[in-house]
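Q: what's the 3D shape of this:
(chains A and B)
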Amino acid sequence: MYKACNMVSIITFQSAREGTGKSTIIANVAALLAATGRRVGVIDADLSTGNLHYLFGLRTTAISHTFNDYLLGMCSALHVACDVTPHLQLLQAHMPVSSESGRVFLLPASSNPRDFRRFLRQDYSIELITDGLLELAQQLELDVLLIDTQSGLKDELLLTLLSMAISDTLTIILRLDHGDYQGTGVLLDVGQTLGIPKVRLVVNQTASMIDPAQARTQVEQTYHCPVLAVFPHAEELAILGSADLFVCCYPAHPLTEHFHSMALALLSSVSRPSAGDHAY
Amino acid sequence: MSKIISVHSFRGGTGKSNTTANVTAVLASQGLRVGVVDTDIQSPGIHVLFGLDEEHMTNSLNDYLWGKCEIKDSAMDVTDALNLPHTQGRVFLIPSSIKPGEIARVLREGYDVGLLNDGFQRLLEDLELDVLMIDTHPGLNEETLLSIAISDALAIIMRPDNQDYQGTGVTVEVARKLDVPNLVLVVNKVPQVFNTDEVQTHVEQTYGCTVGAILPHSDEMMALASAGIFVLRYPQHPMSARIERLAQLLIA
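A: Just a heads-up that it's a prediction; the model follows:
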């Protein structure tokens, strides 16, 4: 089903456990979507760690308003949104695809543990998510909104469920690790219960001796859910240490190609016509 | 003299449970009686490494915290599954519940953190433990602070990653204020091209803290996929020697 042209596609990212590479995937895919001319919003709704901004080269001291502030009613979402495109443009010479209309707006979370505890103690209005984020998408004329949520269903349960509930697509990241299997199944159940139109899996950090095609088939058969991408473990990504965007630093690396395929797969998954689509 | 060792990390996904399980296996292999408590009630996971599934779990830490059983009744002897080289060694696991409903209940209602402390002491006595290992919840909350405060040794696990640096600093500071006698940093998943000596010096200088182990990324560890305990599966691997040294530092 096609959505109206002025509607944003909302994609929430989840994983059963921490450390699956969720934030890294979101940040790199966001950059590639912008490189194809999309206007992309990225929300760091994982308030327990508040780390997504590091990946965009944004220092904590450079952030004036956070998504926490928005949820506590202290500012508008538009105030929180930070245009990180200039940072990407610094690296645009290396970018595999470049486009003038593409933009990435980041809504960072506070990385101060005190702010997280404060968030847990206070109530917030549900409409800030259900209506507020759609309003933000209109104001920023977003094509895609990516939401990074806290891994697993833990103390941010409500925020995670609300993010899922407003999403067109739920993307669950997992590793081929026994610790991830059961929790991934639980997340799929939750996604179905919430009636999210599309649920997709991404397999990350596979060991070098694992055949990606085989891994894909196996995971798809186990969970009865399409796999968007299989990312092999890459030493260069670990060396980068979340200090920057991998696709900008290593444009020719095979892993960048994987990020590309995933961005493409996401676009075709949300499948709606867009002005800048002729690139595909 | 029995010891309590907590294993913590500011972020999840650093390999905390894996390190806990491996140190446990090293100590039990030397003939010690080791208890392992999974206090990561929100996202339990260490049972997977000991090969325990939901069907075989009887009581959990949750049951103890809700007054349904004594803490010793939630302990499971998982020694047989491990095939330890030493016949005297024992491993008792006190798992957290993996039932979504029970996890939700803990999140909703909370629990009396003081019970944890009593429980740890009881375990040491009732099971005649030499060592009690506590696998904590990532980040800093009440039960983590309590675990850290009562520990003889604390291992803080981090990766050489910007996402881990700041939080690790906070945790180290907290541990210092709580006067943990033996504080050790573990740098895990270090890219193989990194010079481990340089990483060690850098981390020690940054945090002013002993580095107990630098654990390079290992494909074998990754391929094991938490289906077993590395030091038992690959006793001759250089990584196992590093984990053994870490275990000695922690019980010193």
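Q: which residues touch the one helix or strand B:F92 maps to?
A: Element membership for B:F92, per DSSP states H and E: strand B:90-94. Contact with strand B:90-94 is made by B:24-25, B:28, B:33-38, B:46-47, B:50, B:52, B:60-61, B:64, B:71, B:74-79, B:82, B:84, B:123, B:127, B:129, as judged by Cβ atoms under 8 Å, 6 or more residues apart in numbering or on different chains. For the C-beta atoms, the positions are set from N, CA and C on the backbone; glycine is no exception.
Q: repeat for stretch B:232-250
A: With Cβ under 8 Å, 6+ apart, stretch B:232-250 has contacts from B:5, B:19, B:22-23, B:25-27, B:29, B:82-84, B:153, B:155, B:182, B:184, B:186, B:210, B:212-216, B:218, B:220-221, B:224, B:230-231.
Q: one more time with 7 Å, if that's ok
A: Residues from elsewhere that reach stretch B:232-250 (Cβ atoms under 7 Å, 6 or more residues apart in numbering or on different chains): B:5, B:22-23, B:25-27, B:82-83, B:153, B:155, B:182, B:184, B:186, B:212-213, B:215, B:218, B:220-221, B:224, B:230-231.
Q: Could you do stretch B:158-167 as well?
A: By Cβ under 7 Å, 6+ apart, the list of residues contacting stretch B:158-167 reads A:51, A:54, A:111, A:241-243, B:9-11, B:14, B:168, B:185, B:187-190, B:194, B:199.
Q: Buried ones among the residues you listed?
A: A:51, A:54, A:111, A:241-242, B:9-11, B:14, B:168, B:185, B:187-190, B:194, B:199 (16 or more other Cβ atoms under 10 Å in any protein chain shown).
Q: Filter the residues you listed down to the ones in strands?
A: Using DSSP state E, the members of the buried ones among the contacts of stretch B:158-167 that fall within strands are B:L185, B:V187, B:N188, B:K189, B:V190.
Q: ok, which of these also contact chain A?
A: With Cβ under 7 Å from any Cβ of the partner chain as the criterion, those include B:K189 near chain A.
Q: now, which of the contacts of strand B:90-94 lie within helices?
A: B:T24, B:A25, B:A28, B:I46, B:H47, B:L61, B:Y64, B:T79, B:L82, B:L123 (DSSP state H).
Q: which two in the residues you listed are spaced the farthest apart?
A: Farthest pair in the ones in helices among the contacts of strand B:90-94 (Cβ to Cβ) is B:A25 and B:Y64. Separation: 24.3 Å.
Q: of these two, who's got more company?
A: Legend: neighbour count by other Cβ atoms under 10 Å in any protein chain shown for B:A25 and B:Y64, higher for B:A25 (29 against 25).
Q: and the helix or strand following the strand holding B:F92 with chain A, contact?
A: Counting by DSSP H and E, the next helix or strand C-terminal to strand B:90-94 is helix B:100-109. Yes - judged by Cβ under 7 Å from any Cβ, helix B:100-109 and chain A are in contact via B:P100, B:L107.
Q: Pull the number of nearby residues for B:E55.
A: 6.
Q: Ramachandran angles for it?
A: phi -60, psi -40 (degrees, to the nearest 10).
Q: any idea how far chain A is from it?
A: 12 Å (Cβ to the nearest Cβ, to the nearest Å).
Q: The closest residue to A:E156 other than its chain neighbours: neighbouring residues, count only.
A: Leaving aside its chain neighbours, A:E156 sits nearest to A:Q150 (4.2 Å; criterion: Cβ to Cβ, 6 or more residues apart in numbering or on different chains). Around A:Q150 there are 25 other residues, counting by other Cβ under 10 Å.
Q: do the same with B:L84
A: By other Cβ under 10 Å, neighbour count at B:L84 equals 18.
Q: quick one on the thing from earlier: restricting to the ones in helices among the contacts of strand B:90-94, which residues neighbour chain A?
A: Counting by Cβ under 7 Å from any Cβ, no member of the ones in helices among the contacts of strand B:90-94 is near chain A.
Q: Are any of these buried, and if so which?
A: If we count by 16+ other Cβ under 10 Å, the ones in helices among the contacts of strand B:90-94 have these buried: B:T24, B:A25, B:A28, B:I46, B:H47, B:L61, B:Y64, B:T79, B:L82, B:L123.
Q: The fourth one: what's it in contact with?
A: Counting by Cβ under 7 Å, 6+ apart, B:I46 makes contact with B:S17, B:T20, B:A21, B:V36, B:D38, B:D135.
Q: Once you drop chain neighbours, what's closest to it?
A: Closest to B:I46 by Cβ to Cβ, 6+ apart is B:S17, at 4.2 Å.
Q: check contacts around residue 107.
A: I went with chain A, as the question did not name one. A:V42, A:I43, A:D44, A:F67, A:A77, A:V80, A:A81.
Q: wrong chain, I was asking about chain B
A: A:K154, A:D155, A:L157, B:Q42.
Q: just those residues now: which is nearest A:T256?
A: Using Cβ to Cβ, these come closest to A:T256 at A:K154, 32.0 Å.
Q: so that closest one touches B:I41, yeah?
A: No - with contact defined as Cβ atoms under 7 Å, A:K154 does not count as touching B:I41 (9.6 Å).
Q: which residues touch whatever residue of chain B ends up closest to chain A?
A: Closest contact between chain B and chain A, by Cβ to the nearest Cβ, is at B:G13 (1.1 Å). Contacts for B:G13 (Cβ under 7 Å, 6+ apart) come out as A:R17, A:E18, A:G19, A:T20.
Q: And what about the first one, helix, strand or coil?
A: With DSSP: H, G, I helix; E, B strand; the rest coil as the basis, A:R17 sits in coil.
Q: on contacts alone, who are the packing partners of the helix or strand B:I4 falls within?
A: Secondary structure from DSSP H and E places B:I4 in strand B:3-8. For strand B:3-8, the contact count by 3 or more Cβ pairs under 7 Å, 6 or more residues apart in numbering or on different chains; DSSP states H and E identifies helix B:16-29, strand B:131-135, helix B:142-149, strand B:153-158 as packing neighbours.
Q: which of these has the lowest average pLDDT?
A: Note on those: helix B:142-149 shows the lowest mean pLDDT, a mean of 90.
Q: Could you check how far it is from the centre of its chain?
A: 13 Å (Cα atoms, centre = their mean, to the nearest Å).
Q: With adjacent residues omitted, what lies nearest to A:V29?
A: A:A263 is the one closest to A:V29 (Cβ to Cβ, 6+ apart), at 4.9 Å.
Q: Just the pLDDT at the one you found, thanks.
A: At A:A263, pLDDT is 95.
Q: cool, A:V104 as well?
A: The model's pLDDT for A:V104 equals 96.
Q: would it count as being in a helix?
A: No - according to three-state DSSP, A:V104 belongs to no helix; its state is strand.
Q: and it, how many neighbours?
A: By other Cβ under 10 Å, neighbour count at A:V104 equals 26.
Q: Tell me how far B:K16 lies from B:V186.
A: Distance check for B:K16 against B:V186: by Cβ to Cβ, to the nearest Å, it reads 9 Å.
Q: what's the overlap in contacts for the two?
A: Common neighbours of B:K16 and B:V186 (Cβ under 7 Å, 6+ apart) are B:I157.
Q: Need the nearest residue in space to B:A149, chain neighbours excluded.
A: Per Cβ to Cβ, 6+ apart, closest to B:A149 is B:L178, 4.7 Å.
Q: isn't that neighbour right next to B:I150, touching?
A: No - B:L178 is not in contact with B:I150 according to Cβ under 7 Å; the separation is 9.2 Å.
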